[in-house]
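*Asks:* what would the 3D arrangement of this be:
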Amino acid sequence: MTDTAPPAPQINFPEVPLADRGHGYRVGTELFLVRHGESMRNIYSNLVCYDPNLTALGWAQALRLGEWMAEHAPVDVVVTSPLRRAHSTALAVANPQGLTPVVITGLEEFSQEFFHEIPVHHPTMPWLGRDCWTPEFAQAPNFVAFRDRVLAALSEVLEIYSGQRICIVSHGGTMNVLIAALAGSSHLSVWNENTGVSYFVWPEWKRWLMRYVNRTDHLRDLNPDDYPRVPESDRTDNGQWRLRDDLFRDWAEARPHSQLSYLANGLRRSDRILFVRPPDAITPVRVALRSRQAVVLSEDLFELEAGELRRAMLNANHIRFQYPFHPLPYPDGHFDYVAIPETEALNDELQRVLAPHGKLVFFAQDGRHG
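*Replies:* Numbers count the residues shown, from 1 in each chain. As a prediction, the model looks like this:
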């Protein structure tokens, strides 16, 4: 009796609808992979935060990306990691195209490093050993767990939106796994710039085709020096920034806006509150700690970063500082309170998201501390 190899598993190859989209060949699914804009954790070395948002520069990058993709890379759907730095970037991509981001769990960044689990490469013959490593959980548990989670999310997205133009907004490590899978590698290393775009298509010859990786045309005339770090930080030797202790004292000592401070005692745990262009970065954080959800809208990118830093220090993940994309990405009657400057009228969008029996609160911009 001779040993025989087990039969190869039967794999179902679903048909992807193909169309002529001007490439010179028919294509099915088109996939744009986008890394989020610069996040506070990318820059502030001593910030301890589960879910950091974008810096002012990160918001600028995301807004430029959204404009560029609307013109040069329109899509049918924008899918995003649930983490706020990716979701904020996805909003900037989706809004100019009249879309709403779809949150898919599984696309989040890794939490435990796994680089020591991956074999090193040969420096002069990089192809050696590339085909002899099959990652298994026993040898690479952190890598395999992360990879399998991300690939399950990718499979879900590609099945749901088969044949469409998809944008996935995620993270550097996540994109590394996605690109490696599409390129047919088990441990390809790819560096992704903030808001870098990679583009793959499924053509008529039925294999993923890489069109470009890490494209950053939209950042060409964006000067990072125009977006300085918060004044309560110092540059470190490795090029990052460190938050000073007085930033923490600043939060502890600062008093909220006099016309809004009473809300801190009036809010119930079930209440949701929307702040529109608040008078300062600290008031929403100090006022809304008891609320179920607080959203802060501001076009001032520096105010968004300052507010998110204070929010992040408390890990108050129910509070979100956000650029005011319209229409507002919230259902009708979502907020129990809407706080707006007294010089601003209640427009249709704010009226739509205010609950029927919700409360409208006006405040003066020049009376921030009582």
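
*Asks:* Asn53 reaches Glu308, doesn't it?
*Replies:* Yes: with contact defined as Cβ atoms under 8 Å, Asn53 counts as touching Glu308 (4.3 Å). C-beta coordinates here come from the backbone N, C-alpha and C atoms, glycine included.

*Asks:* who touches both of the two?
*Replies:* Jointly contacting Asn53 and Glu308 under the rule Cβ atoms under 8 Å, 6 or more residues apart in numbering are 40, 321.

*Asks:* quick check, pLDDT for Glu109.
*Replies:* Looking at Glu109, its pLDDT stands at 91.

*Asks:* repeat that for the one 10 residues further on.
*Replies:* Reported pLDDT at Pro119 in the predicted model: 79.

*Asks:* show me where the stretch 1-150 of the chain has helices.
*Replies:* Here the stretch 1-150 of the chain has its helices, by DSSP state H, counting those that start in this stretch, at 40-43, 56-72, 84-94, 141-160.

*Asks:* of those, which is nearest His122?
*Replies:* With respect to His122, and counting by Cβ to Cβ, the nearest of those is helix 141-160 at 19.8 Å.

*Asks:* tell me the gap between that closest one and the middle of its chain.
*Replies:* Centre-to-centre, helix 141-160 and its host chain are 18 Å apart (Cα atoms, centre = their mean, to the nearest Å).

*Asks:* run me through the strand neighbours of the helix or strand that comes right after that helix, direction for each.
*Replies:* Sequence order places strand 165-170 as the next helix or strand after helix 141-160, per DSSP states H and E. Strand 165-170 has its sheet partners listed here by DSSP bridges as strand 26-35 (parallel), strand 77-80 (parallel).

*Asks:* nearest to Tyr337, of these?
*Replies:* Nearest of those to Tyr337, taken as Cβ to Cβ: strand 77-80 at 27.1 Å.

*Asks:* rewinding a little: now the strands paired with strand 165-170 as CSV including mean pLDDT?
*Replies:* Output for the strands paired with strand 165-170, formatted as CSV (pLDDT from 0 to 100):
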stretch, mean pLDDT
strand 26-35, 97
strand 77-80, 98
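
*Asks:* count the neighbours of Pro329 for me.
*Replies:* For Pro329, the neighbour count with other Cβ atoms under 10 Å is 16.

*Asks:* got it, and Thr100?
*Replies:* Neighbours of Thr100 using other Cβ under 10 Å come to 13.

*Asks:* now it: phi and psi?
*Replies:* phi -120, psi 130 (degrees, to the nearest 10).

*Asks:* tell me the spacing between it and Gln139.
*Replies:* The gap separating Thr100 from Gln139 is 41 Å, by Cβ to Cβ, to the nearest Å.

*Asks:* can you give me how far the host helix or strand of Ala306 is from the chain middle?
*Replies:* Assigned by DSSP H and E, Ala306 belongs to helix 301-314. Averaging C-alpha coordinates over helix 301-314 and over its chain gives two centres that are 16 Å apart (Cα atoms, centre = their mean).

*Asks:* over to stretch 110-119?
*Replies:* Computed by Cα atoms, centre = their mean, the separation of stretch 110-119 from the middle of its chain amounts to 22 Å.

*Asks:* one more: stretch 246-261?
*Replies:* Its chain's C-alpha centre and that of stretch 246-261 lie 28 Å apart, by Cα atoms, centre = their mean.

*Asks:* if we can go back for a sec, would a markdown table of the strands paired with strand 165-170 with distance to Trp133 and mean neighbour count be doable?
*Replies:* A markdown table is the format used below for those (distance: least, Cβ to Cβ, whole Å; neighbours: other Cβ atoms under 10 Å):
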| stretch | distance to Trp133 | mean neighbour count |
| --- | --- | --- |
| strand 26-35 | 24 | 22 |
| strand 77-80 | 30 | 24 |
